[in-house]
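Engineer: Sharing a model that was predicted from the sequence below.
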Amino acid sequence: MSEKVFKEVKKPEKISSYFKMELPVLIVVTISGILYNAGIGVGPYYEGQLAGKLYEVFKGYSTFFDVLKLAITYVVVLTFVQGMRAIKRYSVRVFSNDVGRLMRHTLYSCLIRMDKEKLNKEGLGALMTKAIADVDICSEGMRKFTTEVFDTGVAMIVYISMLLFYDFKLTLIAGIFTPFAYFLANRLKKQVVRANRRQKMSATLLNHKTMDRVSNAITYRIFGREEARNEALEEALNDYEKNSIKANIFEGSMTPLYNSLTMAGTVIIIYIGSKNVAGSGFTKWDIASFTTYLAVFTKFAVKVSRAAKLFNAIQKAEVSWGRIKPLMKEIEIKKSLLSQKEIQKVNIEFENVSFGHFDNDNNFKALAKSLSFSVKPGQIVGITGIVASGKSSLGKIFIDESCYEGSIRINGEEFKSLSSQQKHEYVSYMGHEPELMSNSIYENVALGDETDVDKWLDMVCLSEEVFEMSDKKETLVGDGGVKLSGGQQARLALARTLSHSRSVMILDDPFSAVDKLTEKIILNNIRKEFKDRIILLISHRLYHFPEFDHVLFLHDGKGEFSNHKLLMENFNDYKELFDKQVKRKDLDEGDN
Ligand SMILES: Nc1ncnc2c1ncn2[C@@H]1O[C@H](COP(=O)(O)OP(=O)(O)OP(=O)(O)O)[C@@H](O)[C@H]1O
C-alpha cells in the first residue's frame, strides 16, 4: 500500500494557494494547452485546403496523390494536436483531484479541531456534508476554469484572429449576433435561476414527506392514516415533477438559443462568402478560404455557448468558496507540540482521590474514595471492577468528563491546573464508543495529521482486512463506521488512538469486540511499541491481568490498588471474577 502524504496548504483561505501548490501540474497543463489550442485552427485550415485540392483535382490542376499527401499530413498534425489535448485533459483532472483532496483535507483538519461548543451548535455532520459538497463544487469550478481558459479562451482568440485574417469586415458583420445572444441569455438566466430554485424547494419538500412516510409508516398504518399520507406524498411528487420539467426546459434551452442566434451569422457568411469567391465581395477568396472560414465560424459559435457555461461554473464555485473560506481561515490548526519521538516519560500520582459526577442539584457524587497510588513510565495498570463501579468514569477524569477531589499529579503538576492543550499533550484516550467519522479508513486514523497509517493498522491486526477492501485505506466507513463490523470499528478506533498516543494512554475496553487471540497479539504489539508509556487499561476481561504491573479493582465505593497475585489472595470478589473468566476460557478452548 502506498503511503499518502498530505502537503500542508499555507494560507488555506486564499484560492491562489491551491493553484501555487499544484504548480508542476499547471505547467504541464499550460504547455499542452498552448500546443493544443495553437493547433486548433489546423482542422479548419486543412479542411479548407482539402476542399480546395479536390476542386483542383476536378479541374485537372492537381492529382489524387496530392490530395492523399495533404490528407496524411492532416492526420499526423491532428494526431499530435489531439495528443496534446489528451495530456492537457489528464493533467487538468489530476489538478482538480489534487485540489479537491487538499481542500477536503484542510477543511477536515480544521473542522475536527473546531471548538466543541461551536461544533455541537452547528452539528459536525451537517457542517461536513455542506462543506464537502462546497469543496467539490469549488474544485470542479477550478477544473472548468483551468480547462476553459485554454479550450474556450485561447481557442476563441485563435478563431477570432483567423476570422479577422480571412475577412475583417465580414467577421464584424457576422459577429454582431454574438453580443445579442449574450444579452438574451442573460435575461433568460433569471428565469433559469428561479425555475431551479423552485425545483430545489419542491425536492426538499418531497424528501421531508418521503422521510416522514417511511419513518412513521407503522404509526400511520396503526392509526389508519396511510391513505391521507399517500395522497400528500403523491401531491409532493407531482409538484416536484412539474418543477423539474420546467427547470430542465429552461436550462436546456440556453445552449441551443446561444447556438442558433450565433449561427444566424452563417446566413451572412454564405451570402457574402460566395461573393468573395466570385470576386465581388469584401475580399478575394478561393474555395479553400471559404470552407475554412465557414468551419472556423461554426466552431467559434459553439465556443461562445460554452463560454456561458464557464461563467456559470465559476459563479457557482465563487458562492461555494465564499461559504468554506471562513472555515479554512477561522480555525488555527493547533499541532501537538510533541512528536512521537519526543513523548516525555511521566509519573502519575493519585493522592486521596475521590472521583465521580455532579448530580442534577450540583452535588458531587463519589463513585470511589480514598485512592492513593502512583504509576511509573512503562507500567500497565489493569482497571476492573464490578458493574457500574466507576471504571469508565475513572478514565474519563483525564478527558474532563468526570470530576475528582484530592490530588492527581502528572510529573508533579496538578492535573486540574493544566490547560486543555497540556492535558492533550499528556494523555490519549479511547472510549467505549469507536466514534468513527463518515470518512475513509485513512482519515479515521490520521485525523488530518501525517502518519504512517499502515503501521497502526498492522498493530491492531486490521491491515489484511483493509487490503481486502475495494478501496483499501480510501474505503469509506459510512456514518459512524456502519460499513465495518463491530470488531473492525473497535480496532480502527484503537489504531487512531495509538497513532496519536501520548505519555499516558487510557484504553477503555479496547478489546471488547475482538477475539482472544487477536487481543493477545494486539496487546503484545502495544507493549512492544509503547515501552515508556503509562497505560491504564480498563477492562471486563481479565485474561491478561496477571501480566500487568498493577491492578486497580473498584468495588463498593472503594478501589484496591495492588497486583493480580495479591488481589487473588486477598479479595474474593476479584478472585471470583477472574476464576469465572478463566473457566469460561478453558471451556471455550475445549470447544475448539
Ligand atoms: N456523566 C455522568 N453523570 C452522572 N452520572 C454518571 C455519568 N456517567 C456515568 N455516571 C454514573 O456513574 C456510574 C458508574 O458509571 P461508569 O460507566 O463509570 O461505570 P463502569 O464501571 O464503567 O460500568 P460498566 O461496568 O457498565 O462498564 C453509573 O451509575 C453511571 O450511571
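Structural biologist: All right, it came through fine. Numbering: from 1, shown residues only.

Engineer: Could you pull out the buried residues of whatever helix or strand residue 58 lives in?
Structural biologist: Assigned by DSSP states H and E, residue 58 belongs to helix 42-59. Buried positions in helix 42-59, judged by neighbour count with 16 or more other CB atoms under 10 Å: 42-54, 56. For every residue, glycine as well, the C-beta is placed using N, CA and C.

Engineer: could the residues you listed go into a markdown table alongside distance to residue 568?
Structural biologist: Listed next are the buried residues of helix 42-59 as a markdown table, based on distance: CB to CB, whole Å:
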| residue | distance to residue 568 |
| --- | --- |
| 42 | 88 |
| 43 | 88 |
| 44 | 92 |
| 45 | 94 |
| 46 | 93 |
| 47 | 94 |
| 48 | 98 |
| 49 | 98 |
| 50 | 97 |
| 51 | 100 |
| 52 | 103 |
| 53 | 101 |
| 54 | 102 |
| 56 | 107 |
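
Engineer: Closest to the ligand out of these?
Structural biologist: Each of the buried residues of helix 42-59 was scored against the ligand by CB to the nearest ligand atom, and residue 43 proved nearest at 72.2 Å.

Engineer: show me what contacts residue 552?
Structural biologist: Residue 552 makes contact with 371, 373, 381-384, 394, 559-561 under the criterion CB atoms under 8 Å, 6 or more residues apart in numbering.

Engineer: hmm, 7 Å instead?
Structural biologist: Residue 552 sits next to 381, 383, 559, 561 when contact means CB atoms under 7 Å, 6 or more residues apart in numbering.

Engineer: helices or strands next to the helix or strand hosting the second one in the packing?
Structural biologist: In this structure, residue 383 is located in strand 380-385 according to DSSP H and E. The criterion is 3 or more CB pairs under 7 Å, 6 or more residues apart in numbering; DSSP states H and E, and the helices and strands that strand 380-385 contacts are helix 391-396, strand 534-538, strand 550-555.

Engineer: just checking, what packs against the helix or strand residue 566 falls within?
Structural biologist: According to DSSP H and E, residue 566 maps onto helix 564-570. On a contact count with 3+ CB pairs under 7 Å, 6+ apart, helix 564-570 meets strand 550-555, helix 572-591.

Engineer: so what's residue 282 closest to, chain neighbours aside?
Structural biologist: Nearest non-adjacent residue to residue 282, counting by CB to CB, 6 or more residues apart in numbering: residue 169, 4.5 Å away.

Engineer: And that neighbour, how far from the ligand?
Structural biologist: 84 Å (CB to the nearest ligand atom, to the nearest Å).

Engineer: pLDDT wise, what is that residue at?
Structural biologist: Looking at residue 169, its pLDDT reads 93.

Engineer: what does residue 582 give?
Structural biologist: Here, the pLDDT recorded for residue 582 equals 73.

Engineer: and the closest residue to it other than its chain neighbours, what helix or strand is that in?
Structural biologist: Leaving out its chain neighbours, the residue that sits closest to residue 582 by CB to CB, 6+ apart is residue 543, at 7.6 Å. Assigned by DSSP H and E, residue 543 belongs to neither a helix nor a strand.

Engineer: for residue 134, same thing?
Structural biologist: If you go by DSSP H and E, residue 134 is part of helix 124-148.

Engineer: What are the buried residues along that helix?
Structural biologist: 124, 127-128, 130-132, 134-135, 137-148.

Engineer: Tell me the first helix or strand C-terminal of that helix.
Structural biologist: Counting by DSSP H and E, the next helix or strand C-terminal to helix 124-148 is helix 155-166.

Engineer: ok, residue 260 to residue 254 distance?
Structural biologist: Look at residue 260 and residue 254: by CB to CB, to the nearest Å, they are 11 Å apart.

Engineer: I meant residue 189, not that one.
Structural biologist: 8 Å.

Engineer: Now the weakest link among the helices and strands packed on helix 564-570, please, by mean pLDDT.
Structural biologist: Minimum mean pLDDT among the helices and strands packed on helix 564-570: helix 572-591, a mean of 70.

Engineer: before we move on, back to that, can you give me the buried ones in the helix holding residue 566?
Structural biologist: 564, 567-568.

Engineer: I'd like the residues you listed laid out as CSV, including pLDDT and distance to the ligand.
Structural biologist: Output for those, formatted as CSV (pLDDT from 0 to 100; distance: CB to the nearest ligand atom, whole Å):
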residue, pLDDT, distance to the ligand
564, 93, 19
567, 92, 17
568, 93, 20
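
Engineer: ok, the residues you listed vs residue 298, which is closest?
Structural biologist: Comparing the buried residues of helix 564-570 against residue 298 with CB to CB places residue 564 closest, at 86.4 Å.

Engineer: Please tell me I have it right and that closest one contacts residue 545.
Structural biologist: Yes. Contact between residue 564 and residue 545 holds when scored by CB atoms under 7 Å: they sit 4.9 Å apart.

Engineer: For stretch 169-180, measure first residue to last.
Structural biologist: End-to-end distance for stretch 169-180, by CA to CA, to the nearest Å: 18 Å.

Engineer: meant to ask about stretch 548-560, not that
Structural biologist: End-to-end for stretch 548-560, by CA to CA: 15 Å.

Engineer: now stretch 476-489
Structural biologist: Taking CA to CA as the measure, stretch 476-489 stretches 12 Å from start to finish.

Engineer: Show me what counts as buried in it.
Structural biologist: Across stretch 476-489, burial judged by 16+ other CB under 10 Å covers 476-477, 481, 484, 487-489.

Engineer: now stretch 283-292
Structural biologist: Buried, per 16+ other CB under 10 Å, within stretch 283-292: 285, 287-292.

Engineer: ok, the residues you listed vs the ligand, which is closest?
Structural biologist: Of these, the one sitting nearest to the ligand (CB to the nearest ligand atom) turns out to be residue 292, at 79.6 Å.

Engineer: Roughly how far does that closest one sit from residue 52?
Structural biologist: Taken as CB to CB, the span from residue 292 to residue 52 is 9 Å.

Engineer: Of all the residues in the stretch 151-300 of the chain, which one is nearest the ligand?
Structural biologist: Nearest residue of the stretch 151-300 of the chain to the ligand: residue 215, at 29.4 Å (CB to the nearest ligand atom).

Engineer: count of neighbours near that residue?
Structural biologist: By other CB atoms under 10 Å, the residues close to residue 215 number 9.

Engineer: mind checking pLDDT for it?
Structural biologist: 77.

Engineer: How about residue 148?
Structural biologist: Per-residue pLDDT puts residue 148 at 75.

Engineer: Show me which of residue 260 and residue 254 is the more surrounded one.
Structural biologist: Remark: of residue 260 and residue 254, residue 254 carries more neighbours, 19 against 13, as counted by other CB under 10 Å.

Engineer: Tell me which helix or strand comes right after the helix or strand where residue 209 lies.
Structural biologist: With secondary structure defined by DSSP H and E, residue 209 is part of helix 177-215. The helix or strand immediately downstream of helix 177-215 is helix 217-222, counting by DSSP H and E.

Engineer: Only the C-alpha atoms, please, for that next one, written as CSV.
Structural biologist: The C-alpha atoms that make up helix 217-222 are tabulated as CSV, following Å, rounded to 0.1, in the frame of the first residue of the first chain:
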residue,chain,number,x,y,z
ALA,A,217,-45.1,4.1,8.5
ILE,A,218,-46.2,1.9,11.4
THR,A,219,-47.9,4.7,13.2
TYR,A,220,-49.8,5.8,10.1
ARG,A,221,-50.9,2.2,9.5
ILE,A,222,-52.0,1.5,13.0
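
Engineer: For the stretch 201-350 of the chain, which segments count as strands?
Structural biologist: Applying DSSP state E, counting those that start in this stretch to the stretch 201-350 of the chain gives strands spanning 348-358.

Engineer: OK, now which residue of it is nearest to the ligand?
Structural biologist: Nearest residue of the stretch 201-350 of the chain to the ligand: residue 350, at 16.3 Å (CB to the nearest ligand atom).
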